[in-house]
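[1] what follows is a predicted structure for the sequence shown.
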Amino acid sequence: MASLSLRPQACPEQGRGAAFNLVKLGVLALISVALAGCVSRTRPVAPPAPPPREEAPSRLPPGETHNRVAVLVPLTGPNSALGRSILNSANLALLDMGGQRIRITAYDTAAGALPAANSALAEGNGLILGPLLAEDVRAVAGVARQARVPVIAFSNDVSVAGEGVYLMGFNPAQSIERVVSFARAGGARSFGGLVPANTYGERAGLAMTQAVQGERGRLIGIETFDASPAGARAAGTRLAARGAADAVLVADVPRTVASAVPVLRQASPQARLLATERWAAEGEIGANAALRGAWFAAPSDANFGPFRTRYRARYNAAPFRLSTLGYDAVLLVIRAAANWPLGRDFPERALRDPGGFSGVDGAFRFGRDGVAERALEVREVNATGTSVVSPAPRGFN
């Protein structure tokens with residue numbers, strides 16, 4: 001049987017040549033293996049580093065030494081008094097805190113919020129405070145977002161918040177949630193509501209429903225009314241027909257809803273009246289005996305007295321209650337301005353500090369939705385005005 005030989009069959013001379021060739025091939029194989037080992041141990045060559053990113057040009061004009069902050073409020077027209085009070089308060093905060101890194105410039109929204117915003121952006125403002133009205137916030141939001149400029153507005157319409165728009169306004173839903181929770185803790189189990197037939201009323205009614213459900217109370221019903229004493233009285237009659245309630249929300253100003261109280265008392269003599277943050281601006285609320293004992297939630301008034309004194313000394317006038325929004329907004333900006341490089345984008349992340357901020361109106365912080373969450377106190381109406389029956393928390397856990 002033939003066998004396979006691993007040695008070539010040749011003459012001696014050929015054998016020596018073949019042996020030499022085998023040795024040579026073996027050496028080449030060893031070299032190849034060695035080289036292969038070297039390649040496998042060699043680190044891959046890193047790709048070249050990308051060129052350094054060019055820094056965005058400064059939004060400020062040459063020579064400017066302060067970051068610019070625009071205040072968009074009505075300075076003419078029917079809302080001019082409130083707008084000027086907010087602007088004055090913003091400037092007062094700058095004076096009080098010595099904000100050396102920012103410059104405030106006012107822009108009148110009475111002729112149009114969008115033109116005012118365009119002027120503010122063209123002049124290098126890196127942050128917008130205002131506008132006041134929700135429709136104006138909607139007009140401004142798009143151009144501000146495109147320019148990477150955050151907006152801290154004074155509206156309380158939560159539908160305009162988010163995507164770079166933050167709301168400083170007092171949210172009625174938070175006020176209702178706070179006072180319903182307090183009433184429930186005090187023993188109230190059944191609730192009713194009277195709300196105006198408008199956007200504010202819709203949101204108040206929804207907030208009331210959610211608050212009562214959240215507190216595991218019973219809602220006997222919510223009635224709407226046109227913004228008149230006669231309308232409120234008729235709605236009160238309809239609500240009374242639904243049955244007795246331990247607490248009734250009247251979500252409008254006192255002069256409008258006071259006429260409904262007598263008919264509510266007929267069905268629920270011991271019912272506690274609940275109100276919204278709107279009552280905080282009523283100076284002589286206790287003059288009407290029918291409203292005494294009502295509860296409402298609002299930002300703390302503890303710091304408003306000293307603020308009003310400083311405002312009056314500076315501007316020889318009394319401030320609007322809402323003007324504290326301008327003051328607290330600037331306090332917030334001054335705190336963030338320490339990390340605001342000159343002429344660059346405003347450090348928006350600083351606005352979302354979970355620990356919150358403190359101002360004239362107490363503690364607040366912005367949620368993910370851009371709406372200011374506030375620490376609220378509960379007040380009770382009495383013959384001389386109001387008294388605090390549940391203090392506002394000092395901060396957030």
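    Cool, got the structure. Numbers count the residues shown, from 1 in each chain.

[2] the strands in the stretch 251-397 of the chain, which residues?
    Applying DSSP state E, counting those that start in this stretch to the stretch 251-397 of the chain gives strands spanning 272-275, 295-299, 357-359, 362-366, 372-374, 376-382, 385-390.

[3] so the second one versus strand 385-390, what angle?
    Per axes from the mean of the first three to the mean of the last three Cα atoms, to 10 degrees, the angle that strand 295-299 makes with strand 385-390 is 80 degrees.

[4] circling back: go through the strands of the stretch 251-397 of the chain and name the closest to Asn67.
    strand 357-359 (18.7 Å; Cβ to Cβ). In this view, the C-beta of every residue, glycine as well, is placed from N, C-alpha and C.

[5] what helices or strands is that closest one leaning on?
    Contacts defined by 3 or more Cβ pairs under 8 Å, 6 or more residues apart in numbering; DSSP states H and E place strand 357-359 against helix 324-337, strand 362-366.

[6] sheet partners, orientation included, of the last one?
    When you say that, I think you mean strand 362-366. Strands that pair with strand 362-366, judged by DSSP bridges, come out as strand 357-359 (antiparallel), strand 372-374 (antiparallel).

[7] domain ranges for this structure, per the record?
    By the assignment in automatic domain parsing, the chain contains the domains 67-167+303-374, 172-300+376-390.

[8] now those domains as TSV including distance to Asn397?
    Below are the domains of the chain laid out as TSV (distance: least, Cβ to Cβ, whole Å):
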stretch	distance to Asn397
domain 67-167+303-374	10
domain 172-300+376-390	15
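
[9] picking up where we left off before, just put the helices and strands packed on strand 357-359 in CSV and tack on mean pLDDT and distance to Gly126.
    Converted to CSV, those look like this (pLDDT from 0 to 100; distance: least, Cβ to Cβ, whole Å):
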stretch, mean pLDDT, distance to Gly126
helix 324-337, 94, 10
strand 362-366, 96, 18
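
[10] so of the strands paired with strand 362-366, which one's packed in deepest?
    Highest mean neighbour count of the strands paired with strand 362-366: strand 372-374, a mean of 22 (counted as mean count of other Cβ atoms under 10 Å).

[11] mean confidence score for that strand?
    Average pLDDT, strand 372-374: 96.

[12] and if you look at stretch 304-316?
    The average pLDDT for stretch 304-316 rounds to 97.

[13] for Arg310, which non-adjacent residue is spatially closest?
    Distances taken as Cβ to Cβ, 6 or more residues apart in numbering place Leu92 nearest to Arg310, at 6.5 Å, with adjacent residues excluded.

[14] any idea which of the domains of the chain gets closest to Pro57?
    domain 67-167+303-374 (8.0 Å).

[15] now the helices for the stretch 201-350 of the chain?
    For the stretch 201-350 of the chain, the helices defined by DSSP state H, counting those that start in this stretch cover 229-241, 254-257, 261-267, 304-315, 324-337.

[16] hey, which of those helices is tucked in deepest?
    helix 324-337 (a mean of 24).

[17] show me what it is packed against.
    Using 3+ Cβ pairs under 8 Å, 6+ apart, helix 324-337 sits against strand 67-73, helix 80-97, strand 102-108, strand 125-129, strand 151-153, helix 304-315, strand 357-359.

[18] that older thread, quick one, which of the helices and strands packed on strand 357-359 is nearest to Val158?
    Between Val158 and the helices and strands packed on strand 357-359, the shortest gap by Cβ to Cβ is with strand 362-366, which sits at 12.0 Å.

[19] the closest one to strand 376-382, inter-axis angle?
    Interaxial angle of strand 362-366 relative to strand 376-382 (the same axes, to 10 degrees): 140 degrees.

[20] could you list the buried residues of strand 362-366?
    Within strand 362-366, the residues scored as buried using 16 or more other Cβ atoms under 10 Å are 362-366.

[21] make JSON lines out of the helices and strands packed on helix 324-337 and add distance to Ser268.
    Converted to JSON lines, the helices and strands packed on helix 324-337 look like this (distance: least, Cβ to Cβ, whole Å):
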{"stretch": "strand 67-73", "distance to Ser268": "43"}
{"stretch": "helix 80-97", "distance to Ser268": "37"}
{"stretch": "strand 102-108", "distance to Ser268": "49"}
{"stretch": "strand 125-129", "distance to Ser268": "44"}
{"stretch": "strand 151-153", "distance to Ser268": "39"}
{"stretch": "helix 304-315", "distance to Ser268": "33"}
{"stretch": "strand 357-359", "distance to Ser268": "38"}
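
[22] quick one on the thing from earlier: could I get the helices of the stretch 201-350 of the chain as a markdown table with distance to Ile220?
    Formatted as a markdown table, those follow (distance: least, Cβ to Cβ, whole Å):
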| stretch | distance to Ile220 |
| --- | --- |
| helix 229-241 | 8 |
| helix 254-257 | 18 |
| helix 261-267 | 10 |
| helix 304-315 | 36 |
| helix 324-337 | 36 |
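
[23] what is the burial count for Pro341?
    Other residues near Pro341 number 12, with proximity taken as other Cβ atoms under 10 Å.

[24] returning to what we had before: quick one: which of the helices of the stretch 201-350 of the chain is nearest Leu72?
    Closest approach to Leu72 among the helices of the stretch 201-350 of the chain (Cβ to Cβ): helix 324-337, 11.1 Å.

[25] quick one: that closest one to strand 67-73, angle?
    Going by the same axes, to 10 degrees, helix 324-337 makes 160 degrees with strand 67-73.

[26] what's in contact with helix 324-337?
    Outside helix 324-337, the residues that touch it by Cβ atoms under 8 Å, 6 or more residues apart in numbering are 67, 69, 71, 73, 85-90, 92-94, 97, 99, 101-102, 104, 127, 129, 152, 154, 168-169, 304, 307, 346-347, 350-351, 357, 359-361, 364.

[27] pull out the buried members of those.
    Buried residues within these, defined by neighbour count using 16+ other Cβ under 10 Å: 67, 69, 71, 73, 85-90, 92-94, 99, 102, 104, 127, 129, 152, 154, 168-169, 304, 307, 346-347, 350-351, 357, 359-361, 364.
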